[in-house]
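Novice: Make a model of this:
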Amino acid sequence: VNAPETRQATTELSSITTGNWTLPNALTALRIFLVPILVVFLLTDYRLVGLSVFIIASLTDWFDGYLARTRKQITTLGQLLDPIADKLLVSAAFISLVGLGEAPAWMVVIIIGRELAISGLRPIAADQGITIPSSSLGKYKTTVQMFTVILLLLGPSYLGEHFLVGQIFVGEIGLWLVVVLSLVSAAQYFLGFWKQLARSGKPS
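Specialist: Numbering: from 1, shown residues only. From the prediction side, this is the model:
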């Protein structure tokens with residue numbers, strides 16, 4: 001093996017490591033740790049404290065991905081834990097909002113159901129040798145989702161009439177937008193999977 005090939009192999013191995021406890025993975029673990037704390041504070045009437053926990057947990061989602069890419073610390077453990085942490089945080093926040101009477105249960109079922117459906121689709125696609133790329137709509141949904149949770153936790157009592165559109169609170173509008181983006185982005189993922197499957201000629 002010549003020197004350039006050796007250097008290339010070393011670079012590839014350093015970019016995706018296995019079993020290393022890195023700062024990005026620590027942030028992901030922190031996000032998982034914060035989930036039950038979030039639920040406890042929200043459901044025991046410490047809403048603003050719970051909101052602070054949610055914001056911190058959401059920020060770790062951005063920082064762990066950024067650090068993993070810039071420091072070349074993409075690990076197998078991180079790739080496993082990160083989507084789990086994201087879904088736990090989202091599910092906990094929205095289920096708590098139902099408990100607080102801030103979100104209808106049927107809407108939350110759609111939002112969480114979409115997350116579970118996409119999570120189930122990815123291993124099926126991988127088994128068929130199909131890679132499902134991230135959807136831009138999915139990324140928009142994640143951003144809208146975060147701000148919607150923040151708005152609903154604060155509510156009109158904290159934000160005042162400036163956050164009302166007529167008699168409708170902007171958090172409610174955000175919730176409808178999250179539901180629409182959840183359904184449309186899910187359809188986008190599944191249609192993309194079926195198209196790739198059809199092109200590959202493999203049986204469904």
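
Novice: Report all helices and strands that the lengthiest helix in the chain contacts.
Specialist: The longest helix of the chain (DSSP state H) is helix 170-200. When contacts are defined as 3 or more C-beta pairs under 8 Å, 6 or more residues apart in numbering; DSSP states H and E, helix 170-200 sits against helix 105-127, helix 136-159. For glycine as for every other residue, the C-beta is placed from the backbone atoms N, C-alpha and C.

Novice: Need phi/psi at Ile74.
Specialist: phi -80, psi 120 (degrees, to the nearest 10).

Novice: Quick check: which ranges of this protein have low pLDDT?
Specialist: 1-20, 162, 166-167, 201-204 (pLDDT under 70).

Novice: residues contacting the most centrally placed residue in the chain?
Specialist: The centre of the chain sits closest to Asp86, judged by C-alpha atoms, centre = their mean, with a distance of 4.0 Å. Shown in contact with Asp86 (C-beta atoms under 8 Å, 6 or more residues apart in numbering): 31, 61, 142.

Novice: Would you mind measuring from the first one to Phe54?
Specialist: Think Arg31. 10 Å (C-beta to C-beta, to the nearest Å).

Novice: Now do the shared contacts for those two.
Specialist: Common neighbours of Arg31 and Phe54 (C-beta under 8 Å, 6+ apart) are Leu89.

Novice: got the CA positions of stretch 51-60 in PDB?
Specialist: Only the C-alpha atoms of stretch 51-60 are listed here, as PDB (Å, rounded to 0.1, in the frame of the first residue of the first chain):
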ATOM      1  CA  LEU A  51     -39.100  26.000  28.900                       C
ATOM      2  CA  SER A  52     -35.500  26.800  29.800                       C
ATOM      3  CA  VAL A  53     -34.700  23.100  29.800                       C
ATOM      4  CA  PHE A  54     -36.300  22.600  26.400                       C
ATOM      5  CA  ILE A  55     -34.300  25.500  24.900                       C
ATOM      6  CA  ILE A  56     -31.000  24.100  26.300                       C
ATOM      7  CA  ALA A  57     -31.800  20.600  25.000                       C
ATOM      8  CA  SER A  58     -32.700  22.000  21.600                       C
ATOM      9  CA  LEU A  59     -29.500  23.900  21.400                       C
ATOM     10  CA  THR A  60     -27.500  20.800  22.200                       C
END
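
Novice: Sort out which residues of that stretch are buried, please.
Specialist: 51, 53-54, 57-58, 60 (16 or more other C-beta atoms under 10 Å).

Novice: Give me the subset of the residues you listed lying in helices.
Specialist: Counting by DSSP H, those contribute 51, 53-54, 57-58, 60 to helices.

Novice: between those residues, which is nearest Asn25?
Specialist: For those, the residue nearest Asn25 by C-beta to C-beta is Thr60; the value is 11.0 Å.

Novice: And for stretch 87-94, what's in contact with it?
Specialist: 31-32, 34-36, 38-39, 42, 54, 57-58, 61, 103, 108, 111-112, 115-116, 119, 145, 149.
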